[in-house]
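A.B. asks: Fold the following and give me the result.
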Amino acid sequence: MHRLSSLALAGLLCAGPALPAVAAGGNDFCDGIVEVPLLTRSGNDYAGGRCQVDLLRDRPSPLDPAGGLRLHDLQWDTLRRPPATTAAPVRLEVDVGPQNFVDGEALIEWTFESSKTGELRLLVLSLWRSEDSKDAGAGPTRVLAQLYAPGRAGWSLAGPSDDLGETQALAVADLSPKPSLSRFVLVFDGRQATVSVEGGGTHSFPMPHAGWTLVHLRNGVLARKPWQAGEGLILWWPVWLAAH
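C.D. replies: Numbering: from 1, shown residues only. Here you go, the predicted model:
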């Protein structure tokens with residue numbers, strides 16, 4: 001099973017800049033609320049702005065004045081939302097800004113827990129750019145969706161490459177878009193998690209049984225060597241993620 005951190009990627013480099021368009025309303029996950037005028041999307045998911053997550057190197061923000069290392073972490077129960085079901089699934093539509101980095105990956109980690117057994121599953125969406133992407137503004141970004149059975153609570157792919165423990169890689173799907181990455185959608189209904197990449201693929205990861213709940217949503221970045229100032233990308237999530 002392919003595991004990106006086996007490429008010796010190390011060092012969690014998450015920084016959140018305060019761009020002029022970002023308004024107040026951030027939290028440990030969102031850097032702030034922002035209107036995204038360049039997007040032509042419509043619907044309730046875009047009403048009231050977007051939750052902006054900045055994965056950029058050396059760009060200060062109110063939550064990270066030094067522009068250093070920060071993991072964007074959302075404890076799901078703080079949102080006080082009803083459990084995901086097949087009739088009312090959780091749907092996250094995420095827009096992706098320009099990918100201005102090479103030799104690294106942005107990680108989106110979604111953790112689920114079984115209400116029956118307490119076992120965990122971790123869905124990792126990796127936005128990966130290799131050293132071959134010489135033109136950081138136009139080179140291809142691969143999108144890999146991976147499902148893990150973590151060996152312990154809190155395990156992350158962003159941890160040390162030798163910290164597998166009892167963690168098992170269960171499935172992987174290459175959903176890379178053509179020609180470029182601009183948007184992806186995550187859906188969870190208590191029984192399975194589905195990832196769709198605009199211009200790329202769609203894949204569903206079923207849970208062993210029904211009755212799974214959401215635990216964590218994390219955004220982070222892995223890089224083999226430190227990025228330069230301003231390198232990285234911005235993600236725009238639904239605004240209700242800033243409501244806790």
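
A.B. asks: Show me the strands in this structure, by range?
C.D. replies: 10-12, 32-34, 50-56, 72-75, 90-96, 104-114, 120-129, 142-149, 168-174, 183-188, 192-197, 202-206, 212-223, 232-238 (DSSP state E).

A.B. asks: The longest one: partners in the sheet, and parallel or antiparallel?
C.D. replies: It refers to strand 212-223. In the sheet, strand 212-223 lines up against strand 10-12 (antiparallel), strand 72-75 (antiparallel), strand 104-114 (antiparallel) (DSSP bridges).

A.B. asks: Can you check which of those strands gets nearest to Val53?
C.D. replies: Ranking the strands paired with strand 212-223 by proximity to Val53 (CB to CB) places strand 72-75 first, at 5.2 Å. Just so you know, the C-beta spots here come from the backbone N, C-alpha and C atoms, and that holds for glycine as well.

A.B. asks: same question for the closest one, mean pLDDT?
C.D. replies: Throughout strand 72-75, pLDDT has a mean value of 91.

A.B. asks: buried stuff in it?
C.D. replies: By neighbour count with 16 or more other CB atoms under 10 Å, strand 72-75 contains the buried residues His72, Asp73, Leu74.

A.B. asks: How confident was the prediction at Gly201?
C.D. replies: Reported pLDDT for Gly201: 97.

A.B. asks: Around it, how many other residues sit close by?
C.D. replies: The tally of other residues near Gly201 (other CB atoms under 10 Å) stands at 14.

A.B. asks: what does Glu166 give?
C.D. replies: For Glu166, using other CB under 10 Å, the count is 9.

A.B. asks: and it, what is it in contact with?
C.D. replies: Going by CB atoms under 8 Å, 6 or more residues apart in numbering, Glu166 touches Gly151, Arg152.

A.B. asks: Find the nearest non-adjacent residue to the spatially most central residue of the chain, please.
C.D. replies: In the chain, the residue lying closest to the centroid (CA atoms, centre = their mean) is Ile108, at 2.1 Å. Excluding the flanking residues, the one nearest Ile108 by CB to CB, 6 or more residues apart in numbering is Leu125, at 4.1 Å.
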